[in-house]
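J.: how would this look folded up:
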Amino acid sequence: MSPRRPGWWRRNAARLGLMAVPAVFFAVFFAYPVAAIVARGLKADGGWQPGRIADVLAQSDIRQVLWFTTWQALVSTALTLVIALPGAYALARFDFPGKQVLRAVITVPFVLPTVVVGTAFMALVGRGGLLDEMWGVRLDTTVWAILLAHVFFNYAVVVRTVGGLWAQLDPRQEEAARMLGASRLTAWRTVTLPALAPAVAAAALMVFLFTFTSFGVVQILGGPTFSTLEVEIYRQTADVFDLSTAAVLTLIQFAAVGAILALHAWTVRRRETALRLVDASVAARRPRGAGQWALLGGVVATVAVLLLLPLAVLVQRSFGDAGLAYYRALTEADGGVFLVAPIEAVGNSLRYAVAATAIAVVIGGFAAVALTRRDAGRLVRGFDALLMLPLGVSAVTVGFGFLIALDEPPLDLRASWILVPLAQALVGVPFVVRTMLPVLRAVDVRLREAASVLGASPWRAWREVDLPLVRRALLIAAGFAFAVSLGEFGATVFIARPDNPTLPVAVARLLGRPGDLNYGQAMALSTLLMIVCAVALLVLERLRTDRTGEF
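T.: Below is the predicted model of the structure:
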């Protein structure tokens, strides 16, 4: 798509109009706050200080942070692929009782707030945790706790992304290779693996992105020993108030995320265009033979130990030895941690998440419709990549940027409640786009053309043709946006007011204070947040009729 072609602007006027709404939203509430905080950090005495970048990179502790951020992301990605690929195969190729429940269970950790993930693993491997009580083993002072928590969080990314494609690959192609004399391993390596490679690469890049920018998990489990770029940006901003160093680290993270997203977009385009797929129900069958049943049993055991055990320990610790005492304590305001009773964070989070979901659905819906056509050039591909940036760019920088940039009319929003939903919506929009886009692209264009021939306007054609077909996908997108908005922490920790805390912020503040009561209340709030997210996921699984899309 090139603007130099005759009539280009006229033919693409509707698409550009749709793109304008999310473009303005991202410019005002993403690009502007990030640019403001970076500019403030790199300016001094009215001039820019580009030499500050070299000064920051020359610091040994900063280089250590960069090294740890990179290698732990690589190791986390490799471990996630090794552990999750058997699960992707089992859910793609096997048909068995409880498959829908298992799929929902696998997805729950992905939408859990990272604060809850960190809390769950703290209850499992931390001081006084299950492993400490049973065998005297503590992992909260080691990198293994972080790596396992990252696998826990990203297991569903591999299963959904790779398994979604694997389920639609025609198994007869591999069977034909077997009939021609190839062994099972050779047939899989020469037929199936090349077809899966784009999906595996896309999943690996997404896992690397999420672990490279990890904040809540490392903040809770890493302690003072381990720090990723995101955690260091928070420390430099909130604790040291060194905006210059924070700005340099933000630019480094931005460059790395941009490269990752560019590679991800390329792998997604390959996956969309290179294969001829079949209905997923055709490829799935009941396990046959001891080997396949053993594989399915191993997958179920992995899910039980890696995904369910930390959550079960979290629930158990929320009751402790005193029954419902920790839950009752949530209704009392002690004035030490909050200005209100901690239980009010539940209502605050639900209200914020509903508002953020509405914003994300509107903005993401416009963007998805604009990206529906596949004849996209650099302009549209760049717009698509822009929508993914909030998943990787420092949420800490965005949150602090809100305080710095949105403090003057007509955008003086620091005292407004809408500030929190706006930050949460930035994270929700990519999920709306990635969930709706495959469904919108699957709508037969001839249906719209027939409606136009019969005299329908473009708006009426979309309302009466597209909307009924994508209504279910829209509900799923809204559910994902609600779940991720509910758990947003990196930006909200800066902008949530003490008298209106959100659940993740309340959990983090309780964990940051000593005492069994604060610890127990943190476990109780995390359990409530986990239940809300799990219910949302179970509803989504009932609504979902296909397994396409990335989430």
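
J.: name the helices or strands packed onto the lengthiest helix in the chain?
T.: Using DSSP state H to assign secondary structure, the helix with the most residues in the chain is helix 60-93. For helix 60-93, the helices and strands in contact under the criterion 3 or more CB pairs under 8 Å, 6 or more residues apart in numbering; DSSP states H and E are helix 99-111, helix 143-166, helix 193-212, helix 229-234, helix 243-273, helix 280-283, helix 289-302. In short, each C-beta sits where N, CA and C put it, glycine included.

J.: can you pull the contacts of residue 243?
T.: Under the criterion of CB atoms under 8 Å, 6 or more residues apart in numbering, the neighbours of residue 243 are 37, 40, 41, 236, 237.

J.: farthest-separated two in those residues?
T.: Using CB to CB, the contacts of residue 243 span at most 12.9 Å, a distance reached by 40 and 236.

J.: who's more crowded, these two?
T.: Neighbours per residue, other CB atoms under 10 Å: of residue 40 and residue 236, the larger number sits with residue 236, 23 against 17.

J.: quick check: that one touching residue 249?
T.: Yes. In this structure, residue 236 sits in contact with residue 249. The criterion is CB atoms under 8 Å, and the distance is 6.9 Å.

J.: and the strands in this structure?
T.: 43-44, 47-48 (DSSP state E).

J.: endpoints of stretch 486-493, how far apart?
T.: 13 Å (CA to CA, to the nearest Å).

J.: what are the buried residues along that stretch?
T.: Of the residues in stretch 486-493, those buried by neighbour count under the rule 16 or more other CB atoms under 10 Å are 486, 487, 488, 489, 490, 491, 492, 493.

J.: of the contacts of residue 243, closest to residue 535?
T.: Of all the contacts of residue 243, residue 535 sits closest to residue 237, with 34.5 Å by CB to CB.

J.: what's the closest non-adjacent residue to the closest one?
T.: residue 246 (4.7 Å; CB to CB, 6 or more residues apart in numbering).

J.: now do the same contact list for that neighbour.
T.: By CB under 8 Å, 6+ apart, the residues touching residue 246 are 37, 41, 233, 236, 237, 397, 400.

J.: still on that earlier bit, show me how far the longest helix of the chain is from its chain's centre.
T.: 15 Å (CA atoms, centre = their mean, to the nearest Å).

J.: tell me how many other residues crowd the closest residue to residue 206 other than its chain neighbours.
T.: Leaving aside its chain neighbours, residue 206 sits nearest to residue 157 (5.3 Å; criterion: CB to CB, 6+ apart). Neighbours of residue 157 under the rule other CB under 10 Å: 24.

J.: residues contacting residue 157?
T.: When contacts are counted by CB under 8 Å, 6+ apart, residue 157 is found next to 80, 84, 110, 203, 206, 207, 210.

J.: which pLDDT does the model give it?
T.: Residue-level confidence at residue 157 comes out at 85, pLDDT.

J.: can you tell me how far it is from residue 226?
T.: Taking CB to CB, to the nearest Å as the measure, residue 157 and residue 226 are separated by 22 Å.

J.: ok, residue 305 next?
T.: When distances are taken as CB to CB, residue 305 and residue 226 turn out to be 24 Å apart.

J.: got any ranges where the stretch 251-400 of the chain has weak pLDDT?
T.: 265, 267-283, 322, 334-339, 373-381, 392 (pLDDT under 70).

J.: what is the neighbour count of the nearest residue to residue 511 once chain neighbours are set aside?
T.: Among residues not flanking residue 511 along the chain, residue 522 sits closest, at 4.8 Å (CB to CB, 6+ apart). Counted with other CB under 10 Å, the neighbours of residue 522 add up to 30.

J.: ok, now residue 480?
T.: The burial count for residue 480: 27, using other CB under 10 Å.

J.: take the buried residues of stretch 486-493 and keep only those in helices.
T.: Among the buried residues of stretch 486-493, the residues falling in helices (DSSP H) are 486, 487, 492, 493.

J.: among those, which one lies nearest to residue 51?
T.: Checking these one by one against residue 51 (CB to CB), the nearest turns out to be residue 493, at 31.2 Å.

J.: need the contact list for the closest one.
T.: When contacts are counted by CB under 8 Å, 6+ apart, residue 493 touches 234, 396, 399, 504, 505, 508.

J.: tell me the one of these nearest residue 253?
T.: Once CB to CB is applied, the member of those that ends up nearest residue 253 is residue 396, at 10.0 Å.

J.: the residue nearest to that closest one when sequence neighbours are not counted: neighbour count?
T.: In space, residue 396 comes closest to residue 234 once its chain neighbours are excluded; the distance is 4.5 Å by CB to CB, 6+ apart. A count of neighbours around residue 234, defined by other CB under 10 Å, yields 25.
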